[in-house]
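1. A predicted structure for the sequence below; I have some questions about it.
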Amino acid sequence: MTFHFQFGFNMFPEIPRPFNTQYKCFSVSMLPGIYRQDVERGGKIIMPPSALEQLTRLNINYPMLFKLTNKKTNRITHCGVLEFVADEGKVYLPYWMMHNLLLEEGELLNIESVSLPIAKFSRFQPQSEDFLDITNPKAVLENGLRSFACLTTGDVIAIKYNQRIYEMCVLETKPGPAVSIIECDMNVEFAPPLGYKEPEREAKNNETDVDPSELMPTPTGFVPFKGQGNRLDGKKRKDSSQLDTLTNKVAYVRGIPDYDYKIGTLRFLRNMKPINSKEVKEQDEFKAFTGEGFSLRKSRK
């Protein structure tokens, strides 16, 4: 007796063929009907229903990710698909994506299905210093990336927050130049915004060796105890040049600012009796043993 065995399954399953087609591309503003803001602020496109039928026959793996190529300029980016409701032969893209690909309305765009690695790291550079005004930029970026399926190094994506559009350049992605960000744990870093300059700090004054005589203002009138003297024993006196320099300073006048003050210096001024212009004038005309006299004893008259 002979037995014949038949296997009901394919020992060598067919490898899925890639999806590779060309469409006329248009910005989402050209989509018939109500303006789709959800397309404009994300990283997904709208394709025709025939594309879904073809993708189903090819057994394309999920999530569906695509490589977009402008063959005229060799510009490449990656995206996901939002819906299959476009007119046949057309696809609709966000404006920022058309700008990255250098595409005009109605030009041909090559769309190819791809499989991308899961993102581990990405670094972004804001294109405006206004992004620094956001309190929690990482939370804003995380919320904006929910409308994206993948990232491509070199792209300038658009994030909407508080009725404003913030452009972010994708400087780096790991583990590859294009990554999938669907259900992933990705570390994010920010580079300084484009054109940002850190405020310059003022150079500190390192002048530490200051002559104490230079800390007093220059005298303008009579200076007491100024001059030279001789010893009674005939010995030569010590050099008093330093003393003369110290005494050639006028008393500090409260309320008059020191316009020669230098940052980094401290001036220790003695508490002296303030003088006014009348006193200075009287000191300039000082003559010894002149003036009126008074008696300590009261007169009996």
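-> Great, that's in hand. Residues are numbered from 1 along each chain as shown.
2. where do the helices of the stretch 1-150 of the chain begin and end?
-> Assigned helices in the stretch 1-150 of the chain, in chain order: 37-40, 49-57, 95-101, 137-144 (criterion: DSSP state H, counting those that start in this stretch).
3. could you tell me the end-to-end distance of stretch 68-86?
-> Distance between the two ends of stretch 68-86: 17 Å, counting by Cα to Cα, to the nearest Å.
4. backbone dihedrals for the residue lying closest to residue 88 once chain neighbours are set aside, please?
-> In this structure, residue 88 finds its nearest non-sequential neighbour in residue 48, 4.8 Å apart by Cβ to Cβ, 6 or more residues apart in numbering. All C-beta atoms are positioned from the backbone trio N, CA, C, and that covers glycine. Dihedral angles of residue 48 (phi, psi; degrees, to the nearest 10) stand at phi -80, psi 160.
5. next, work out how far apart residue 48 and residue 127 are.
-> According to Cβ to Cβ, to the nearest Å, residue 48 stands 33 Å off from residue 127.
6. so between those two, which is more surrounded?
-> residue 48 (19 against 16; other Cβ atoms under 10 Å).
7. hmm, that one is touching residue 83, no?
-> No - Residue 48 lies out of contact with residue 83 (Cβ atoms under 8 Å); the separation is 10.2 Å.
8. quick one, strands of the chain?
-> 20-27, 44-46, 65-70, 75-83, 90-93, 108-114, 121-126, 150-152, 156-161, 164-174, 178-180, 187-190 (DSSP state E).
9. turn those strands into TSV, columns for mean pLDDT and distance to residue 231.
-> Formatted as TSV, the strands of the chain follow (pLDDT from 0 to 100; distance: least, Cβ to Cβ, whole Å):
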stretch	mean pLDDT	distance to residue 231
strand 20-27	93	102
strand 44-46	92	102
strand 65-70	95	101
strand 75-83	93	97
strand 90-93	94	102
strand 108-114	94	104
strand 121-126	94	80
strand 150-152	94	92
strand 156-161	90	86
strand 164-174	92	82
strand 178-180	95	93
strand 187-190	92	78
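10. how about these in JSON lines, adding distance to residue 54 and mean neighbour count?
-> Putting these into JSON lines (distance: least, Cβ to Cβ, whole Å; neighbours: other Cβ atoms under 10 Å) gives the following:
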{"stretch": "strand 20-27", "distance to residue 54": "7", "mean neighbour count": "18"}
{"stretch": "strand 44-46", "distance to residue 54": "15", "mean neighbour count": "23"}
{"stretch": "strand 65-70", "distance to residue 54": "13", "mean neighbour count": "22"}
{"stretch": "strand 75-83", "distance to residue 54": "12", "mean neighbour count": "20"}
{"stretch": "strand 90-93", "distance to residue 54": "13", "mean neighbour count": "23"}
{"stretch": "strand 108-114", "distance to residue 54": "10", "mean neighbour count": "17"}
{"stretch": "strand 121-126", "distance to residue 54": "32", "mean neighbour count": "19"}
{"stretch": "strand 150-152", "distance to residue 54": "21", "mean neighbour count": "24"}
{"stretch": "strand 156-161", "distance to residue 54": "28", "mean neighbour count": "19"}
{"stretch": "strand 164-174", "distance to residue 54": "29", "mean neighbour count": "17"}
{"stretch": "strand 178-180", "distance to residue 54": "22", "mean neighbour count": "22"}
{"stretch": "strand 187-190", "distance to residue 54": "36", "mean neighbour count": "13"}
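11. nearest to residue 38, out of those strands?
-> Shortest distance between residue 38 and those, using Cβ to Cβ, is found for strand 75-83: 7.3 Å.
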